[in-house]
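In: Need a 3D model of the following:
(one chain, ligands or ions: 1)
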Amino acid sequence: MNIISVNDYTEMSRTAAEIVIGKVKGNPEIILGLATGGTPKGMYDSLIEDHARNHTSYEQVTSFNLDEYIGLKPNDPNSYHFYMNDSLFNHIDINKERTFVPNGTPENTDEECKRYDERIDSLGGIDLQILGIGQNGHIGFNEPGTSFTSGTHVVTLEDSTRQANARYFDSIDDVPTHAMTMGISTIMKSKQILLLISGEEKAETLKRLIDGEITEEFPASILKKHNNVTIIADQKALSGVVMP
Ligand SMILES: N[C@@H]1[C@@H](O)[C@H](O)[C@@H](COP(=O)(O)O)O[C@@H]1O
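Out: Numbers count the residues shown, from 1 in each chain. Below is the predicted model:
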């Protein structure tokens with residue numbers, strides 16, 4: 001895993017955006033894997049700024065999001081569909097028909113999961129996957145204990161994950177208990193992965209990722225087996241790590 005050390009959240013966001021912009025310019029038909037949460041928000045802001053200033057085009061880009069809450073419709077302000085439209089898609093020239101987010105209210109959950117993976121595969125796989133990380137090492141919504149061989153599936157969210165995301169909801173009781181997420185194997189099939197980590201609340205997480213063993217109890221640890229992972233981490237997140 002290659003680590004880019006940056007000063008702060010702003011620099012992390014700009015650095016990540018520059019990498020994404022470079023990849024989109026190099027391959028206008030790129031397939032991006034996108035993440036939600038607080039971490040990538042600044043990167044999306046930078047992409048929007050660049051699109052307004054330099055007209056980088058996303059017309060031919062396809063995107064797949066990592067996850068969605070079960071029970072939330074796309075127009076629910078707390079859904080990840082809504083987050084993506086509001087944080088990025090509404091502000092760039094991407095064709096929304098080519099932006100995919102798991103359906104949180106499917107008629108048949110198993111079929112929806114299967115269809116999601118099949119669609120990714122049929123288009124040739126994800127070229128660049130953006131990831132954040134939960135404090136417990138979850139990626140997407142793959143909680144500790146998730147099989148490394150998992151495809152897209154439904155998970156029961158840990159209390160700590162629901163609490164960490166409760167800031168977006170009126171109360172903790174409103175945070176869904178389940179989510180649909182790309183699996184670990186879905187994520188690992190991406191050709192390149194960019195993991196963003198910021199803030200001291202992620203310092204222990206990053207230390208464990210770098211120094212710890214590869215175990216299903218810490219889902220992100222599998223990234224050590226991927227041959228093209230770049231971590232962009234700020235000084236607060238890196239505070240527990242001894243850099244070479
Ligand atoms: N499903 C998302 C993850 O994709 C994200 O990485 C994580 C961390 O969120 P944040 O970036 O807000 O710390 O939160 C959620 O659980």
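In: going forward, measure contacts and count neighbours with C-alpha atoms only.
Out: Noted.
In: so what's G42 closest to, chain neighbours aside?
Out: Distances taken as CA to CA, 6 or more residues apart in numbering place S13 nearest to G42, at 5.1 Å, with adjacent residues excluded.
In: That neighbour falls within a helix, correct?
Out: Yes: according to DSSP: H, G, I helix; E, B strand; the rest coil, S13 belongs to a helix.
In: So what's the residue count around it?
Out: 26 (other CA atoms under 10 Å).
In: In the chain, where is pLDDT below threshold?
Out: 244 (pLDDT under 70).
In: Where do the helices of it begin and end?
Out: 9-26, 41-54, 80-87, 109-122, 159-165, 184-188, 203-211 (DSSP state H).
In: Ok, which of those comes nearest the ligand?
Out: helix 159-165 (6.1 Å; CA to the nearest ligand atom).
In: Pull the distance from that closest one to the chain's centre.
Out: Its chain's C-alpha centre and that of helix 159-165 lie 17 Å apart, by CA atoms, centre = their mean, to the nearest Å.
In: Of all the residues in that helix, which ones are buried?
Out: 161-162, 165 (16 or more other CA atoms under 10 Å).
In: can you list contacts of stretch 147-156?
Out: 109-110, 113-114, 116-117, 141-143, 177-186, 216, 219, 222 (CA atoms under 8 Å, 6 or more residues apart in numbering).
In: so which of those are also by the ligand?
Out: F141 (CA under 6 Å from any ligand atom).
In: buried subset of the contacts of stretch 147-156?
Out: 109, 113, 116-117, 141-143, 177-184, 186, 216, 219, 222.
In: where's N75 relative to I3, distance?
Out: 37 Å (CA to CA, to the nearest Å).
In: And for Y168, nearest residue in space, chain neighbours not counted?
Out: N78 (6.9 Å).
In: Now do the contacts for that neighbour.
Out: So N78 contacts 72, 168-169 (CA under 8 Å, 6+ apart).
In: List phi and psi for it.
Out: phi -90, psi 0 (degrees, to the nearest 10).
In: contacting residues for the residue positioned nearest the centre of the chain?
Out: The chain has A35 as the residue nearest its centroid, 2.6 Å off, counting by CA atoms, centre = their mean. Residues counted as contacts of A35 (CA under 8 Å, 6+ apart) are 65-67, 130-132, 140.
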